[in-house]
Structures are given as C-alpha cells and as structure tokens.
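A.B. asks: with the sequence up front, the predicted model follows.
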Amino acid sequence: MAHILLVEDSPEVSLSVSEILANAGHTVEETSSGKEAIKALRAGAFDLIVSDIWMPEMDGIALLKEMRGAGNDIPVVVISGCAPNSPLTYTAPLAATFGANIVVYKPFEKDELLRAVASVLAD
C-alpha cells in the first residue's frame, strides 16, 4: 500500500481522511499547512499527497506551485469545499492547472476518496 502525505488544516477532516486511508491499508503522515507539507516532503518519500486547498500559511495551490516548480511529480489528490471568495468552479480548475491529478469535492463519501486514490496510484 501507499505512503500518503495528508495536508489538511481541519482536525476533524484530517482525522476522518486519515482513518479512511489507514483502514484501506495506507500509511498516513499528517500536516496542517502547505509549509509543513514542504518540510515533510524534504524529509521523506511519499507515494501520494492528499491536500486541501484552503489552509493557513500556505494554501494547496501554493503547495502545488512550489512542488511542481521544484520538479516534484508525486501524484496529488486535492480535497476541497468552497471558500467565501473563490468558488470551486474557479479553484478546482486552478488546482488541475498547477498539477493536481484529481479534485474530490467536500463533502465526499469514503468510497469516492478511495476510488480517487486508487485511480491516481494506478497511473
């Protein structure tokens, strides 16, 4: 199974997603911001990143830009709901433009997340 970096600032969502992934047999390391994710990427190897878009310090779009700009091609599944000033119709294509492999919209079902993860890992 995969070693997954989960980047999510909501403790409740992080716990839920981490449990879903761990119960599916994956190893999960959690961070709560893009800045923490960059540090984790420098310190270890991951097969996949599951990241929120809207986070403090460094959001998911900035994380994607920095990763891809540094030549990091780890697959990324973006999980995101809407934000007050940027609807998903804007941010989801933006995430794809900067290198997200799949965008999964919150709230999502467990099976939807697991299908997205399996799909990206199979590529």
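C.D. replies: Here it is on my side, so go on.
A.B. asks: okay, and for the protein, where does confidence drop off?
C.D. replies: 82-92, 94 (pLDDT under 70).
A.B. asks: can you name the residues that contact the one residue sitting closest to the centre of it?
C.D. replies: By CA atoms, centre = their mean, the chain has its centre lying nearest to residue 51, at 1.8 Å. Contacts of residue 51 were listed using CB atoms under 8 Å, 6 or more residues apart in numbering, and they are 5-8, 34, 37, 60, 63-64, 76-79. To be clear about C-beta, it is placed using only N, CA and C from the backbone, and glycine gets the same treatment.
A.B. asks: got the contact list for stretch 110-119?
C.D. replies: For stretch 110-119, the external contacting residues (CB under 8 Å, 6+ apart) are 2, 4, 17, 20-21, 24, 26, 48, 50, 77, 79, 102, 104.
A.B. asks: how many residues are close by residue 17?
C.D. replies: By other CB atoms under 10 Å, 25 other residues sit near residue 17.
A.B. asks: what do you get for residue 58?
C.D. replies: Residues near residue 58, counting by other CB under 10 Å, number 17.
A.B. asks: looking at this, it is in a strand?
C.D. replies: No. Looking at residue 58 with DSSP: H, G, I helix; E, B strand; the rest coil, it is coil, so not inside a strand.
A.B. asks: residue contacts, it?
C.D. replies: Counted by CB under 8 Å, 6+ apart, residue 58 has contacts 33, 34, 35, 37, 38, 66.
A.B. asks: sounds good, over and out.
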